[in-house]
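Q: test case, fold it:
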Amino acid sequence: MERFKDVLKASNLKSTHQRLAILDSIDQFGHIDIDTLFDVIIRKYPTMSKATLYRNINDLINFHILEEVKLPHQKQQYEIKKVPHIHLLCSKCGSVEDIFIDTKPLLEAIS
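A: Numbering: from 1, shown residues only. Modelled structure (predicted):
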């Protein structure tokens, strides 16, 4: 939770309970759609509206803290912004995994 407070502070965003809960939940799931996220958040903050969730998600995307992940035949999902990576989508269960590729050797080979 502390690292998220630092990230928000560095972006000049207030460190609200709602934002921290959103970031913590997304971090726990890795990739999560808005409906599942709302179900998780509403247990902790029953008065939070979906409009508040959407507004905070948009702010966190605009400040490059979150990324929107668009997947074929699925609801868009959200993840904490990381180093560049690709997504592996399981065609059987629909789970999403991050794949990190070290491009340095590839770039050196073509230079």
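
Q: quick check, central residue of this protein?
A: Centroid-nearest residue in the chain, with Cα atoms, centre = their mean: E79, separated by 1.9 Å.

Q: wait, isn't it in contact with G30?
A: Yes: contact between E79 and G30 holds when scored by Cβ atoms under 8 Å: they sit 6.5 Å apart. All C-beta atoms are positioned from the backbone trio N, CA, C, and that covers glycine.

Q: circling back: distance check, the residue nearest to the centre of the chain against E108.
A: 29 Å (Cβ to Cβ, to the nearest Å).

Q: again, but for I65
A: Distance of I65 to E108, given as Cβ to Cβ: 32 Å.

Q: next: D39.
A: Distance, D39 to E108, using Cβ to Cβ: 46 Å.

Q: of those two, who's got more company?
A: Shown here are D39 and E108; by other Cβ atoms under 10 Å, D39 has more neighbours (12 against 8).

Q: quick one: the more buried one is in a helix?
A: Yes: when DSSP: H, G, I helix; E, B strand; the rest coil is applied, D39 is found to be in a helix.

Q: for Q76, which residues are in contact?
A: Listed by Cβ atoms under 8 Å, 6 or more residues apart in numbering, the contact partners of Q76 are 33-34, 68-70.
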